[in-house]
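Chemist: starting from these lines, generate the structure:
(chains A and B)
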Amino acid sequence: KNEVEQSPQNLTAQEGEFITINCSYSVGISALHWLQQHPGGGIVSLFMLSSGKKKHGRLIATINIQEKHSSLHITASHPRDSAVYICAVDGGSQGNLIFGKGTKLSVKP
Amino acid sequence: KAGVTQTPRYLIKTRGQQVTLSCSPISGHRSVSWYQQTPGQGLQFLFEYFSETQRNKGNFPGRFSGRQFSNSRSEMNVSTLELGDSALYLCASSLRDRGWSEAFFGQGTRLTVV
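Modeler: You can find the predicted model right below:
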């Protein structure tokens, strides 16, 4: 079993829809990262959080440490949100990031 | 503030050759981590350097090595290339003095081994 599980693997939405991507992990963490990867490869860090909730524009990320679960929400989705969204956990003292397999999002106009 | 710069962006090598990739971190960042991304395995951690010392290492064979210079620039080297080494290699820099901090990724180097 992977230490970081994301769902769904693929997601197709219509422009304007509310989108949720889920991430569950089985290891102890000091922080959880949500990353966005567009075709071409470059990765952008969207959020880093260790508790509660963060919001940036139309993006909201939440984490429940007790349940070892995080969600990334996109409100009023737009075709430019089409990308792969990757959840990664940071074990802190263990060193570096452990990644989920990613969720490929496609938003249709 | 300049971002993380990886060179080259694209590379084609032949089996058995060796390759060196470069990563220049954001100014002031002392931690550089390297990752391999393949369609089958996704993103996997290779190693992390902090202040010229390898601090952590992932589960990769000894053909994969790296180093970090006093200006925090890092290189990774893959010797005796295999077809399976074809991948996108990403580096990320962070402050990461202690515990967690935000990671900033480069655009990656796409390596094709033929």
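
Chemist: residue A:44 belongs to a strand?
Modeler: Yes. Counting by DSSP: H, G, I helix; E, B strand; the rest coil, residue A:44 falls inside a strand.

Chemist: hmm, residue A:33 and it touching each other?
Modeler: No. Between residue A:44 and residue A:33 there is no contact under Cβ atoms under 8 Å: 10.8 Å. The way it works is simple: take the backbone N, C-alpha and C, and place the C-beta from them, glycine included.

Chemist: show me what from chain B comes close to chain A.
Modeler: B:33, B:35, B:37, B:42-45, B:48, B:55-56, B:58, B:88, B:90, B:92, B:99-108, B:110 (Cβ under 8 Å from any Cβ of the partner chain).

Chemist: restricted to strands, list the residues you listed.
Modeler: Cross-referencing the residues of chain B next to chain A against strands under DSSP state E gives B:33, B:35, B:37, B:42-45, B:48, B:55-56, B:88, B:90, B:92, B:104-105, B:110.

Chemist: which of these has the largest number of neighbours?
Modeler: Greatest neighbour count in those, by other Cβ atoms under 10 Å in any protein chain shown, goes to residue B:33: 28 neighbours.

Chemist: rewinding a little: identify, from the ones in strands among the residues of chain B next to chain A, the entry nearest to residue A:88.
Modeler: Ranked by distance to residue A:88 (Cβ to Cβ), these are led by residue B:43 at 7.5 Å.

Chemist: need the contact list for the closest one.
Modeler: By Cβ atoms under 8 Å, 6 or more residues apart in numbering or on different chains, residue B:43 lies in contact with A:86, A:88, A:97, A:99, B:35-37, B:90.

Chemist: could I get those as JSON lines with distance to residue A:22 and pLDDT?
Modeler: Formatted as JSON lines, the contacts of residue B:43 follow (distance: Cβ to Cβ, whole Å; pLDDT from 0 to 100):
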{"residue": "A:86", "distance to residue A:22": "13", "pLDDT": "96"}
{"residue": "A:88", "distance to residue A:22": "14", "pLDDT": "92"}
{"residue": "A:97", "distance to residue A:22": "18", "pLDDT": "82"}
{"residue": "A:99", "distance to residue A:22": "15", "pLDDT": "91"}
{"residue": "B:35", "distance to residue A:22": "23", "pLDDT": "94"}
{"residue": "B:36", "distance to residue A:22": "25", "pLDDT": "96"}
{"residue": "B:37", "distance to residue A:22": "21", "pLDDT": "94"}
{"residue": "B:90", "distance to residue A:22": "24", "pLDDT": "94"}
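
Chemist: show me which of those residues is closest to residue A:107.
Modeler: Nearest to residue A:107 among those is residue A:86, at 17.1 Å by Cβ to Cβ.

Chemist: that closest one looks like it's in a strand, true?
Modeler: Yes. Secondary structure assignment places residue A:86 in a strand (three-state DSSP).

Chemist: and chain A, which residues reach chain B?
Modeler: Within chain A, the positions near chain B by Cβ under 8 Å from any Cβ are A:30-31, A:33, A:35, A:40-45, A:48, A:50, A:86, A:88, A:90, A:92-102.

Chemist: the same query, at a cut-off of 7 Å, please.
Modeler: Residues of chain A lying close to chain B by Cβ under 7 Å from any Cβ of the partner chain are A:30-31, A:33, A:41-43, A:45, A:48, A:86, A:90, A:92, A:95-97, A:99, A:101-102.

Chemist: now those: which count as buried?
Modeler: A:31, A:33, A:41-43, A:45, A:48, A:86, A:90, A:92, A:95-97, A:99, A:101-102 (16 or more other Cβ atoms under 10 Å in any protein chain shown).

Chemist: perfect, I'm done here.
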